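Q: Provide a 3D model corresponding to the input given below.
(chains A and B)
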Amino acid sequence: MNAMSQQRKVYGLGAEFNSAADLMEAAEKIRDKGFSKWDVHTPFPVHGMDKAMGLGKSWLSSIVFVGGLTGLLTGVALTTVPSFALYPIIVHGKPYSWPTIPAFFPIIFELTVLLSALTTVGSMFLLNQLPKWYHPVFNWDRFKKVTDDGFFIVIEARDSKFSETRTKVLLQELGGSNVTLIHD
Amino acid sequence: MEKSGVTLETPVDLKRPPLVDHNRSLSWITDKVSDIVEQPTPKWWLLALCFTVPIALMGLVCIIYQISNGVGVWGENHPNGWAWDITNFVFWIGIGHAGTLISAVLFLTRQKWRTSINRAAEAMTLFAVVCAGIFPAIHIGRFWNAYFLAPVPNANGIWPNFRSPLLWDVFAVSTYFTVSVLFWFVGLIPDLATLRDRSKSRIGRFMYGIFALGWRGSNRHWRHYEMAYLLLAGLSTPLVLSVHSIVSFDFATSVLPGWHTTIFPPYFVAGAIFGGFAMVLTIMLPAALIFPQLGDLITRQHVDKMAKIILLTGSIVGYAYLMELFVAWYGANKFESFTFFRARAAFDGTGWYQWAYWIMMFCNVISPQIFWFKKMRTNYIVVFIVAQFVNVGMWFERFTIIVTSLAQDYLPSSWGHYAPSLTEKLTFIGTFGIFLTLFLLFMRFLPMIAISEVKLVTPEADPHRGHDKH
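A: Predicted coordinates for the structure are as follows:
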């Protein structure tokens, strides 16, 4: 560790684990110890990890419901207002009264899907605070393995239960290797 | 696993074959897929580009020629107002549907084998939709007025007809393209992060880094990410069904014999998936040949399953063809029976495009029946040949539907022959150049296989592995 990094603020402690199974077991113990500002980093989503970390179901879907509803209402307004009020068109002598609204369903449906999909991706980025091109964990050399075959736990220094020495011992006891202090 | 106290073990002889052969490790998967992007530019790739880029440019020249001279440079004329342009549009948009089926429908139905082919299939979808979009845009004639299609308030106070299937198409195709791009990009983020972390060059780190958005594999991110992926799959599934249904409405809502049928939406969707899987095989089999290191990821099992889907959808299409003939006979509408039995099948030699109908019948209905045999489904050469038959057959299906109905409809006095002009032919060939060029660029610069998703289906990814107490 060089002099420069010693002056910088400590972000947290990171530990590496051998497999998804080991990581999950460690995560359960850290959850039971009552830590809150910590995270698990994996190359793929480990199923069951949300429970092991004490996280509930993502509530992204409820935001998407609102987005979809907006799309639906936009579709209804976009098709009915011009067709009935602004610019009624009679084509081939076909009817243009209110029973023709099923002809608007395709456009209403497509706009519902479009707005739902845009909301899904947009709110996923918002909830995850992405893009975020700088993050302290990237300062840790070994962390590069997270997109290959590395399994990591990072406990943040701002957690009330965090202590540079005791948390380090805890991570080692849980089977973590290369326990490292990460600087901001 | 729920704590039920009962352990269910799959009998050994019913166990599914592994999805990744030879029990490869996680880093093996990362290495082999990233290696395609990281190795020095291969010669075959440059040679292939030397072949596809001129074809794509030729297509672009034809498009510019058509825009600057008008639709008169095409062979289309009354009564064949639609011909190659809409045939090509439906052909390309249909191809795209297999990619969405693999990425969305197979995801919802938990078909884990999709993981090693979904990325390339989704890319194929995007590029096919790009090719499809060209045709309706330029066939309107006054390309610079294409924005009239969008419901934007303009200076003349004119609004489009919201009851028209052609406007539904505008919404369906643009929504489909947007959602496909989103789905593809969301899937790419973790793999772009992999390339960012492996990249040795500054420019690679920068470019992949920008698009990876700072992904760090955090479980708090994966939680929302997986929900987003599930929602996108759930949204894309009805979307893909709606897109080709709406494309079929272009025909089905008209009064032309041969078009005005209620079977069109399901028949078009089945046909789209059928033709799309053929195109997936057309590009994946050569890719498997060029990158033998991917042999453990794209296995015979995958080809076998895709061949089964071709057999299933091909048989649905065959059923639809026969049902159309049955209804033409049973419905006792003389115009409809004329279209099917005399203009298309031409049992009495009246039809001008009889050859197109029978090419379609042979390629789409007869040729995939060979896939009833497992030996044929796992033979790459047979599969590739049948896939080519299907590509040809599906193009002729659209040609048959469009041209035979228009060329010979109600009154013999208003019949008219159609033959494509050179510009039309070269434009269509040009779209293949555009499609292949885009696909070659994709292969070279982006991970062709969804790395993080394949890892998820390996035994190593099981969080309960070796821990029986869970």
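
Q: how much space between B:Tyr176 and B:Gly157?
A: Distance, B:Tyr176 to B:Gly157, by C-beta to C-beta, to the nearest Å: 30 Å. Placement of C-beta: from N, CA and C, glycine included.

Q: For these two, work out which one has more neighbours and name it.
A: Under the neighbour definition other C-beta atoms under 10 Å in any protein chain shown, B:Tyr176 and B:Gly157 were set side by side, and B:Tyr176 has more, 28 against 8.

Q: Please give the element, helix or strand, for the more buried one.
A: helix B:165-198 (DSSP states H and E).

Q: so what secondary structure elements neighbour that helix?
A: Judged by 3 or more C-beta pairs under 8 Å, 6 or more residues apart in numbering or on different chains; DSSP states H and E, helix B:165-198 is in contact with helix A:105-128, helix B:26-38, helix B:84-100, helix B:118-139, helix B:202-212, helix B:219-252, helix B:451-456.

Q: Buried residues in it, which are they?
A: B:165, B:167-177, B:179-184, B:186-198 (16 or more other C-beta atoms under 10 Å in any protein chain shown).

Q: any idea of the mean pLDDT for it?
A: The average pLDDT within helix B:165-198 is 94.

Q: what distance separates that helix from the middle of the whole chain?
A: The chain centre lies 14 Å from the centre of helix B:165-198; the measure is C-alpha atoms, centre = their mean, to the nearest Å.

Q: Taking helix B:219-252 as reference, get the angle to that helix.
A: 150 degrees (axes from the mean of the first three to the mean of the last three C-alpha atoms, to 10 degrees).

Q: what angle sits between helix B:165-198 and helix B:118-139?
A: Going by the same axes, to 10 degrees, helix B:165-198 makes 140 degrees with helix B:118-139.

Q: Go through the helix or strand containing B:Arg398 and flag the buried ones.
A: Remark: B:Arg398 resides in helix B:380-399, with elements defined by DSSP H and E. Buried residues in helix B:380-399, counted by 16+ other C-beta under 10 Å: B:382-384, B:386-387, B:389-399.

Q: could you say what helices and strands it packs with?
A: So helix B:380-399, by 3+ C-beta pairs under 8 Å, 6+ apart, packs with helix B:84-100, helix B:264-290, helix B:300-330, helix B:354-361, helix B:374-377.

Q: which of the helices and strands packed on helix B:165-198 sits most buried?
A: Highest mean neighbour count of those: helix B:84-100, a mean of 27 (counted as mean count of other C-beta atoms under 10 Å in any protein chain shown).

Q: In terms of secondary structure, what does whichever helix or strand comes after that one contact?
A: Elements were assigned by DSSP H and E; along the chain past helix B:84-100, the next helix or strand is helix B:106-108. For helix B:106-108, the packing partners by 3+ C-beta pairs under 8 Å, 6+ apart come out as helix B:219-252.

Q: Wondering if the helix it packs on reaches chain A at all.
A: Yes - if you take C-beta under 8 Å from any C-beta of the partner chain as the test, helix B:219-252 does meet chain A, through B:219-228, B:231-232, B:235-236, B:238-239, B:242, B:246, B:249.

Q: I'd like to know the phi and psi angles of A:Val154, please.
A: phi -120, psi 120 (degrees, to the nearest 10).

Q: I appreciate the help and will end here.
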